[in-house]
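Undergrad: How does the following fold in three dimensions:
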Amino acid sequence: MRVLRLSPGYVSTPHGPPQPDYVNAVVEVETGRDAASLLAAAHEVERGMGRERTGERWTARVIDIDLLLVVGDGTELPGRGGAAEDAGRVEPVVPHPRIAERRFVLQPLFDLVPGLVHPVLGRTISELLAACPDAVLLDGPFALPRTVRAERLDYGGDMALRAEGASFEDLIVQAAHGLVDAIVPRDRLREESRRDASLELAGYVSRLGAAGRAEALADVLAELIVWLDADLWLPARVAVRIGGSTVRLAAFGQGLHGRGLPTDLVPKAVTRHELRVVRRRARPGRPESWTGHVVLDL
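TA: Residues are numbered from 1 along each chain as shown. As a prediction, this is how the structure comes out:
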């Protein structure tokens, strides 16, 4: 299976009982698998991320992967769509039956293939999106990570943070999350409030040299430190938008008061010893990626 394209992400209000909002995206893959084995692979990913299928529909879940469309080689399987479960065996039926009813599906699908004709309804994705009765999306579009990694290394009293991302925006998100992860386990955090910041850059990030990108990353990390100091507040999720010469940072998190978390680990002063940002250009078989290396005195 080879990933060809990943759409931007969008935030939507969930269907069903009260539960947190969801981030939605569509991924296009090329594969020799049939629909049944493709869906089985998707369910294996879900299990690896901690999802347990209980048989109840539209309940809160950490991840939900649906098979929307299968195109090419005569493998389209018109029917009710989604999946039917019989004695533990999952049979895919595509196209998914609720594509035309879900804006959070149609919008990212439109970003990838707006002119694709739905094989059952006979209308393009663009036409289905224009006629969709579903509620408007809460947020998006924003870039989603393709390759991420953050690790903590101790050198005496310092912390060396190395973060990787598929774009400069993604690099900022991973560096911010890595900084928080070094202080408190992620599973102890909850998204309860939001804080925003806008940071002015010297120019368009895409046109900045390595020093400019490093300075932009330093600005964002400095803003995170300010938030960490203010009311002992930690971000559980970070989103970044870059437009023109401005980096807009939105973080959702919680205060630490009364939660039994080790407040002595929250940094009160940070010294930037080293900051380096590297861009690895795309090559055949290897996508573009960004790496940031920061050494902080906590």
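
Undergrad: where along the chain do the helices fall?
TA: With DSSP state H as the criterion, the chain has helices at 35-48, 103-112, 125-131, 168-181, 210-229.

Undergrad: any idea how far residue 236 is from residue 19?
TA: For residue 19, the distance to residue 236 (Cβ to Cβ, to the nearest Å) stands at 16 Å. C-betas here are computed from N, CA, C, even on glycine.

Undergrad: I'd guessed residue 22 sits against residue 14; true?
TA: Yes. Applying Cβ atoms under 8 Å as the test, residue 22 and residue 14 come out as touching, 5.6 Å apart.

Undergrad: ok, now which ones touch residue 41?
TA: The contact partners of residue 41, by Cβ atoms under 8 Å, 6 or more residues apart in numbering, come to 1, 33.

Undergrad: Tell me which helix or strand in this protein has the weakest average pLDDT.
TA: In the chain, no helix or strand scores lower on mean pLDDT, DSSP states H and E than strand 83-86, which sits at a mean of 46.

Undergrad: Show me which of residue 19 and residue 236 is the more surrounded one.
TA: Applying other Cβ atoms under 10 Å to residue 19 and residue 236 shows that residue 236 carries more neighbours, namely 19 against 13.

Undergrad: count of residues packed around the nearest residue to the more buried one once chain neighbours are set aside?
TA: Nearest in space to residue 236, with sequence neighbours left out and distances taken as Cβ to Cβ, 6 or more residues apart in numbering, is residue 189 at 3.8 Å. The tally of other residues near residue 189 (other Cβ under 10 Å) stands at 20.

Undergrad: do residue 128 as well
TA: For residue 128, using other Cβ under 10 Å, the count is 22.

Undergrad: hang on, it packs against residue 102?
TA: No. Applying Cβ under 8 Å, one finds residue 128 not in contact with residue 102, separated by 9.9 Å.

Undergrad: Now for residue 195: which residues touch it?
TA: Residue 195 makes contact with 227, 233, 235, 250, 251, 253 under the criterion Cβ under 8 Å, 6+ apart.

Undergrad: So which of these are in strands?
TA: 233, 235, 250, 251, 253 (DSSP state E).

Undergrad: Which pLDDT does the model give the fourth one?
TA: By that I understand residue 251. Residue 251 carries a pLDDT value of 81.
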